[in-house]
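1. sharing a model that was predicted from the sequence below.
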Amino acid sequence: MYKRTLFSIFFLLLFIKSSYGQTCATMNITPIADVPSVCNTMVLTMAHDNRGLPLLYVANKEAGLVIYDVNQATTPQLLSQTSIFEWGGLDVMNLCQSGDYLFLALGNSFTNPQSAGIAIVNISNPASPVVTSFYTVPGSSTGSGIVAVEGDYAYLGAMRSGLIVFDISDKSSIVQRSQFLPDINYPYPNPPNPNFYNARGLEVKNGIVYLCFDAGGLRVVNCVNPLLPVETGHFANPLLYFPFNLTRAYNNIVLDNNIAYIAVDYCGVEAIDISDTSALNLIGWWNPQNCPNNNWFTSPVHSNEIRINKACSQLYVSTGKSEFYVLDISNPSLPDSCNYFGDVSDTAATWGVNYYDNFIYLAYTCTFGIPFFANYTGLKTLSFNSCTVGIDNPFSRSTLAFPNPAHSNFRLNLSEANEKMPLVKLSDLFGRVLTYIKPESTVYDISSLPQGAYFLEWDIDGHAYFTKLIKQ
């Protein structure tokens with residue numbers, strides 16, 4: 001029965017790969033800026049300011065935190081730089097933003113591993129960032145991979161030290177609340193090399209952490225009680241482990257309601273149904289190199305970081321020496337590539353990816369033969385045509401909501417809102433629905449919302465439309 005199930009999955013995925021049509025070939029991906037670095041100060045990843053400011057925050061490894069002014073997208077300007085010696089000399093591996101604060105994942109996890117740690121940086125004045133506190137995880141020695149924040153808690157993927165949960169309610173004093181080490185005996189008992197099992201990528205939603213445990217698959221960790229994290233579910237693609245223990249790195253993850261999309265090293269991107277965390281299921285798989293029949297050293301695709309553009313039903317994936325792929329996920333069971341950028345024959349390879357508006361940011365990293373050779377590092381900016389370009393949108397940012405930007409409240413333009421638009425959905429940049437607004441409402445109060453960018457979404461005759469609302 002088990003063998004028959006595996007073959008059924010295999011043939012289903014072959015059918016998916018051969019039958020899917022591509023829908024985003026008109027994106028017109030165009031390189032518009034290139035900020036090179038050097039291999040001893042590698043660029044790893046980046047994030048655009050989520051308050052609507054024209055700023056790009058870069059995890060620049062040995063060079064620390066670097067902030068660029070990207071008001072002119074074609075010519076990013078260095079605004080400020082914070083040295084690693086502000087937090088004990090640990091390299092910056094990843095970062096995220098919450099309001100006026102950046103949270104840095106610290107500790108080299110590549111060559112010459114360091115302790116894992118976390119730093120908090122006040123960016124209310126981005127030209128002069130202030131480190132409010134930092135913390136080094138006791139006993140850690142393999143660095144960190146990622147950090148995420150929800151409410152008063154930060155979650156650190158600390159490689160072999162597992163998942164670390166911090167109380168960050170006081171930005172001047174980071175408090176470690178718990179540490180969770182997933183069982184390395186799943187999905188394969190008695191693994192030959194425990195060093196492959198690392199807490200590398202994660203997303204958190206309502207206190208539930210979806211953790212990429214490298215060779216150990218996806219782990220769902222309930223952290224509603226931050227003092228006592230509990231694993232409630234796990235998943236590892238059976239085609240990658242049986243009948244042989246061909247472990248693959250689950251590198252990075254994004255969430256879209258009840259679906260998790262996971263970058264799986266040289267095995268593409270998996271779509272997993274997470275509606276029942278005790279029974280996770282594979283529902284789709286972008287597998288361009290026919291994994292597990294390919295080879296880590298020769299595969300042109302190594303899926304590292306992944307981002308989701310929900311408005312366009314697209315995934316943006318950094319893919320190592322093949323650089324960048326766009327996946328269409330309008331049907332989650334049929335993810336497939338529909339556009340790309342890069343040249344597999346050059347000596348440039350990506351690690352990080354992010355996007356904002358109609359710009360995509362790629363971080364290039366150096367690697368000397370494992371699993372391929374790349375000797376360029378830096379930051380590239382690509383422009384692209386949004387999925388909304390060319391759509392006859394009957395409501396624009398300037399007319400649907402006003403004022404925009406708004407301070408304490410905004411109005412819906414009732415002359416444009418009609419019976420075809422029963423509700424307007426207000427959500428944050430992570431896709432979390434905040435409320436539904438009735439068009440007949442004359443004023444909506446947003447004074448309690450943090451400063452930043454939000455989305456208004458509505459549906460007319462089966463077509464979804466989005467516009468951005470800025471809260472100042």
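-> Structure received. Numbering: from 1, shown residues only.

2. spell out, range by range, the helices that occur in this protein.
-> 2-19, 397-400 (DSSP state H).

3. where in the stretch 351-472 of the chain is pLDDT low?
-> Residue ranges of the stretch 351-472 of the chain with pLDDT under 70: 388-400, 413-422, 429-431, 439-442, 458-466.

4. weakest of the helices of the chain by average pLDDT?
-> With a mean of 38, helix 2-19 has the lowest mean pLDDT of the helices of the chain.

5. where are the low-confidence patches of this structure?
-> Residue ranges of the chain with pLDDT under 70: 1-23, 242-247, 388-400, 413-422, 429-431, 439-442, 458-466.

6. tell me which residue is most central in it.
-> Arg307 (4.5 Å; Cα atoms, centre = their mean).

7. quick check: the nearest residue to that residue once chain neighbours are set aside vs Ile118, distance?
-> In this structure, Arg307 finds its nearest non-sequential neighbour in Tyr316, 4.6 Å apart by Cβ to Cβ, 6 or more residues apart in numbering. For the C-beta atoms, the positions are set from N, CA and C on the backbone; glycine is no exception. According to Cβ to Cβ, to the nearest Å, Tyr316 stands 26 Å off from Ile118.

8. which one's more surrounded, these two?
-> Ile118 (28 against 25; other Cβ atoms under 10 Å).

9. beta-bridge partners for that one, please?
-> Ala105, Tyr135 (DSSP bridges).

10. contacts only, for it.
-> By Cβ atoms under 8 Å, 6 or more residues apart in numbering, the contact set of Ile118 is 103-106, 134-135, 144, 147, 154, 156, 164, 166, 174.

11. would you list those residues in JSON lines and tack on neighbour count and distance to Phe359?
-> Output for the contacts of Ile118, formatted as JSON lines (neighbours: other Cβ atoms under 10 Å; distance: Cβ to Cβ, whole Å):
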{"residue": "Phe103", "neighbour count": "23", "distance to Phe359": "23"}
{"residue": "Leu104", "neighbour count": "30", "distance to Phe359": "23"}
{"residue": "Ala105", "neighbour count": "30", "distance to Phe359": "24"}
{"residue": "Leu106", "neighbour count": "31", "distance to Phe359": "27"}
{"residue": "Phe134", "neighbour count": "17", "distance to Phe359": "30"}
{"residue": "Tyr135", "neighbour count": "22", "distance to Phe359": "33"}
{"residue": "Ser144", "neighbour count": "33", "distance to Phe359": "27"}
{"residue": "Val147", "neighbour count": "26", "distance to Phe359": "23"}
{"residue": "Ala154", "neighbour count": "26", "distance to Phe359": "27"}
{"residue": "Leu156", "neighbour count": "32", "distance to Phe359": "28"}
{"residue": "Ile164", "neighbour count": "25", "distance to Phe359": "32"}
{"residue": "Phe166", "neighbour count": "23", "distance to Phe359": "31"}
{"residue": "Ile174", "neighbour count": "21", "distance to Phe359": "32"}
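
12. now do Met159 against Asn185, distance only.
-> Taking Cβ to Cβ, one finds Met159 at 18 Å from Asn185.

13. kindly report the same for Val149.
-> Noted for Val149: a distance of 31 Å to Asn185, by Cβ to Cβ.

14. of the two, which one has the most company?
-> Remark: of Val149 and Asn185, Val149 carries more neighbours, 20 against 12, as counted by other Cβ under 10 Å.

15. which residues touch the residue nearest to the centre of the chain?
-> Applying Cβ under 8 Å, 6+ apart, one finds that Arg307 lies in contact with 254, 315-316, 353-355.

16. out of those, which one sits closest to Phe297?
-> Lowest distance from Phe297 to the contacts of Arg307 (Cβ to Cβ) belongs to Val353, with 22.6 Å.

17. I figured the closest one hits Ala363, correct?
-> Yes: with contacts counted by Cβ atoms under 8 Å, Val353 reaches Ala363, the gap being 7.3 Å.

18. overlap in contacts, those two.
-> 45, 318.

19. thinking again about what came up before, out of the contacts of Arg307, who's nearest Asp170?
-> Closest to Asp170, out of all of those and judged by Cβ to Cβ, is Asn354, at 28.7 Å.

20. from Asp328, how far out is the closest residue to Thr82 other than its chain neighbours?
-> Leaving aside its sequence neighbours, Thr82 sits nearest to Leu65 (Cβ to Cβ, 6+ apart; 4.3 Å). Noted for Leu65: a distance of 34 Å to Asp328, by Cβ to Cβ.

21. can you check Asp273 too?
-> In this view, Asp273 and Asp328 are 19 Å apart by Cβ to Cβ.

22. with neighbour numbers in mind, choose between the two.
-> Taking neighbours as other Cβ under 10 Å, Asp273 and Asp328 compare with Asp328 leading, 22 against 17.

23. contacting residues around Leu104?
-> By Cβ under 8 Å, 6+ apart, Leu104 lies in contact with 59, 65, 87, 92, 94-95, 118-121, 147.

24. just name the closest of the residues you listed to Cys267, please.
-> Asn94 (22.0 Å).

25. okay, and the beta partners of the closest one?
-> Beta bridges link Asn94 to Ala105 when assigned by DSSP bridges.

26. and it, how many neighbours does it have?
-> Per other Cβ under 10 Å, the neighbour tally for Asn94 reads 26.
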